[in-house]
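Asker: Next one to model:
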Amino acid sequence: MSPAEPAKTNASPKATHAKDKVTRRAAIQMSAVAIAAATSGTVRADRTQSTLGEMLSRRKSGDSEYKATAIGDYHANVAEFGGQVAAPSRRLLVPLARHVPWQFDILIIGSGYGASVSAARLASALRPGARLGVLERGREWIPGTFPDRLKDVTSASRLELLGPKKGEIRDPTGLFDVRQFEEITILAGSGLGGSSLINASVAYRPDREVFQQPMWPQLLRDRVYLDPYFELAIAELGANVEPLDYSSKMLAQRVAAERLAYRGARFDPAAITVARSMQGNALPIINRQSIRQRNCIDCGDCLSGCNVGAKNTLAMNYIPMARRAGAEFFTQTEVHRIEKLDVGYRVHFTVSWRKDDGTFERCPGSTTTRVLILGAGSLGSTELLLRSQSECLQLSQRLGFGWTGNGDALGFITKSECPTSGAGRSAYEAACPPVGPTIQSNLTYPQRPLPGRVLIQEGAAARAYANAIGTLMLDPTMENTQILLGMGHDGANGRITLNERGFGQVSWPELLNSEYRKLIRFEFEQIATALGGKYRYLRIFGDKMISVHPLGGCGMSDDPLYGVVNHKGQVFDGRGRGDLDYQTGAPRVHSGLYVVDGAILPTSIACNPFLTISALAERASDLMLDEPEFADLFATT
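Answerer: Predicted coordinates for the structure are as follows:
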């Protein structure tokens, strides 16, 4: 099947019901085993009953005051836009009468950090009458409606995870995009706001030495040139440092860092993008963009979607900024390929609508634009360019190379002597200590040479996953299991190619035996020893690495022989393998074609990347406003 064609995505209700029954039966069996293991010996009967009740409660979902408030706040926030941010996608299928030969002056694919920042900044600078559109393959999610049970998370998967149809699209609007490859599994978000909907919200500025590596463009090798854009993104996203020792898992991580100080470990509270208020949840918080939010209740459910309205996703800042400035958002619209025209680009897509019976109607279409910005993420933007190469759209031979999982690694410490209380509880009242946001602290080794530096953060299991993880760790309540999330410098030697169905796939044969993998596992073991526990790792998807921060594939460079885009995000013209433009003296680029997302990072950065992506997008937007060929698009100040 070509990715340009609508996929058949509908399973029969009978088959779906049977599959759900198997999943439920397996969960019950796993829970029983865990409870039996946890309640053997001298554990009291009342604790057994409490544990069973806690696990069973996580298998239920329902309404709550927090959810109702979050839903009400969202409706209040989007009232000025007519009830929702996104416009009906059917409008894309009906061309508008315009005085120019393209439907959009600027079209952006994706709505993650790079895309949404670009939309906000460029839309606010457009002259009257100019048109900017954003295409997002997922749907518009409302806080208070995110899944909080394992069954619901599985149902919200974009792809089939198991069976003969593994890897095929099951729900084109699904929230969780899990891509499984030979050496690594990748998770990304799919919805209006991209991965901001399901990330851990940690705002982290990379070490200065990261940018000094020779793979980075010369103009970015001193971070001082990016620092103003970092500051701007921090302000718009509302990042603030967490209070010290605010949760059990945070305290446990500090204890580990202190015990590892002899090895050079340093502990710092993390800066995260969540709303906090001394007033509690009773009164709304009005953020910098005049959007209503609520105080974080420390439920630990950041990774499955915030049902309280406290998380500063892009739907709370850059997206409403762009919408107010006139940007048009179209959800449930998946782009398959692009076509270069004499002037501008044609974008081929499929719009998906869910019918009353739960199946999908899919309608192909296309539209045109003068300027095209790819912000579909590392895999998305790279596979789009790989599909779209042609005689007219020749690209750098480095397309697809230099991919990195950012050194992401997942580990667990069982039987920690320090309580951790890492099981999420979602938007429900609970008489227990705060779980905290998913991540609240950073453990680093800043004195090491750059290749040996790692960032290790503590984590929480969202309510939907807590039973499964607690069962596997033989700790049903997750009271003494510390989750570790690591990042580092993995060498960026992965490559994205297209499989037989035209979808991007990552290959990295040396990854599983790499020195980096040995290093990060060794560091996890050291933390486990410091906490008096045991280090474990899961093989849910086989003995693979797991990444939630895919980067690269369209790396930046000063030379098209070594990269796909320049420091502005402009896509190099591959004809002549890097001929210079006689007017600018710089390598030729495809006019009006940009990539502005995690795909352009030429190396791993060993930290949570959304702040870096946002800063690069702020800078790219600034520079686009000064491009002479687009001067007619933007209002003069």
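
Asker: hey, let's count contacts and neighbours off CA atoms from now on
Answerer: Fine.

Asker: quick one: Val178 from Glu339, how far?
Answerer: To Glu339, Val178 is 28 Å away according to Cα to Cα, to the nearest Å.

Asker: neighbours around Ser50, how many?
Answerer: For Ser50, the number of neighbouring residues by other Cα atoms under 10 Å comes to 12.

Asker: and what of the one 5 residues further on?
Answerer: Here the neighbour count serves as a burial measure; for Met55 (other Cα under 10 Å) it reads 22.

Asker: can you pull the contacts of the nearest residue to Cys418 once chain neighbours are set aside?
Answerer: Nearest non-adjacent residue to Cys418, counting by Cα to Cα, 6 or more residues apart in numbering: Ala252, 5.6 Å away. Contact analysis of Ala252 by Cα atoms under 8 Å, 6 or more residues apart in numbering lists 418-420, 531.

Asker: Now neighbour count and secondary structure too, for those, in TSV please.
Answerer: TSV is the format used below for the contacts of Ala252 (neighbours: other Cα atoms under 10 Å; DSSP: H, G, I helix; E, B strand; the rest coil):
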residue	neighbour count	secondary structure
Cys418	20	coil
Pro419	18	coil
Thr420	25	coil
Leu531	23	coil
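
Asker: Farthest-apart pair in those, please.
Answerer: The widest separation within these, taken as Cα to Cα, falls between Thr420 and Leu531 and amounts to 10.7 Å.

Asker: Show the residue spans covered by the strands in the stretch 151-300 of the chain.
Answerer: All strands of the stretch 151-300 of the chain, identified by DSSP state E, counting those that start in this stretch, fall at 176-180, 184-189, 240-241, 266-269, 271-272, 285-286, 292-293.

Asker: any chance of those strands in JSON lines, plus distance to Gly459 and mean neighbour count?
Answerer: Listed next are the strands of the stretch 151-300 of the chain as JSON lines, based on distance: least, Cα to Cα, whole Å; neighbours: other Cα atoms under 10 Å:
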{"stretch": "strand 176-180", "distance to Gly459": "19", "mean neighbour count": "22"}
{"stretch": "strand 184-189", "distance to Gly459": "16", "mean neighbour count": "21"}
{"stretch": "strand 240-241", "distance to Gly459": "16", "mean neighbour count": "17"}
{"stretch": "strand 266-269", "distance to Gly459": "13", "mean neighbour count": "19"}
{"stretch": "strand 271-272", "distance to Gly459": "13", "mean neighbour count": "23"}
{"stretch": "strand 285-286", "distance to Gly459": "26", "mean neighbour count": "16"}
{"stretch": "strand 292-293", "distance to Gly459": "23", "mean neighbour count": "24"}
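
Asker: Columns distance to Leu232 and mean pLDDT on top of these, output as CSV?
Answerer: Output for the strands of the stretch 151-300 of the chain, formatted as CSV (distance: least, Cα to Cα, whole Å; pLDDT from 0 to 100):
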stretch, distance to Leu232, mean pLDDT
strand 176-180, 29, 94
strand 184-189, 24, 96
strand 240-241, 13, 97
strand 266-269, 21, 98
strand 271-272, 15, 98
strand 285-286, 19, 96
strand 292-293, 21, 97
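
Asker: Figure out which of these is closest to Phe524.
Answerer: strand 266-269 (14.8 Å).

Asker: Partner strands of that closest one, with direction?
Answerer: Note on strand 266-269: by DSSP bridges, its sheet partners are strand 441-444 (antiparallel).

Asker: Okay, buried residues for the partner strand please.
Answerer: Buried residues in strand 441-444, defined by neighbour count with 16 or more other Cα atoms under 10 Å: 441-444.

Asker: starting at the chain centroid, how far to that strand?
Answerer: 20 Å (Cα atoms, centre = their mean, to the nearest Å).

Asker: what sits up against it?
Answerer: Contacts for strand 441-444 (Cα under 8 Å, 6+ apart): 242, 250, 253, 257, 265-270, 453-458.

Asker: tell me the two of those residues that are most distant?
Answerer: Taking Cα to Cα as the measure, the contacts of strand 441-444 have their most distant pair in Glu242 and Arg453, spaced 22.8 Å apart.

Asker: Glu361 falls within a strand, correct?
Answerer: Yes: the assignment for Glu361 by DSSP: H, G, I helix; E, B strand; the rest coil puts it in a strand.

Asker: ok, the residue nearest to it when sequence neighbours are not counted to Arg362 distance?
Answerer: Nearest-residue entry for Glu361: Trp353, 5.2 Å, with adjacent residues in sequence omitted and distances by Cα to Cα, 6+ apart. Shown here: Trp353 relative to Arg362, a distance of 6 Å by Cα to Cα.

Asker: Dig out what Val595 forms beta bridges with.
Answerer: If you apply DSSP bridges, the partners that Val595 bridges to are Leu374.

Asker: per-residue confidence at it?
Answerer: With respect to pLDDT, Val595 scores 98.

Asker: Enumerate every residue touching it.
Answerer: 373-375, 381, 554, 565, 569-571.

Asker: average pLDDT for stretch 534-551?
Answerer: 88.

Asker: returning to that earlier point: mind checking which of the strands of the stretch 151-300 of the chain is nearest Val202?
Answerer: strand 271-272 (4.4 Å).

Asker: returning to what we had before: ok, so of the contacts of Ala252, who is nearest Leu616?
Answerer: Nearest to Leu616 among the contacts of Ala252, with distances taken as Cα to Cα, is Thr420, at 36.0 Å.
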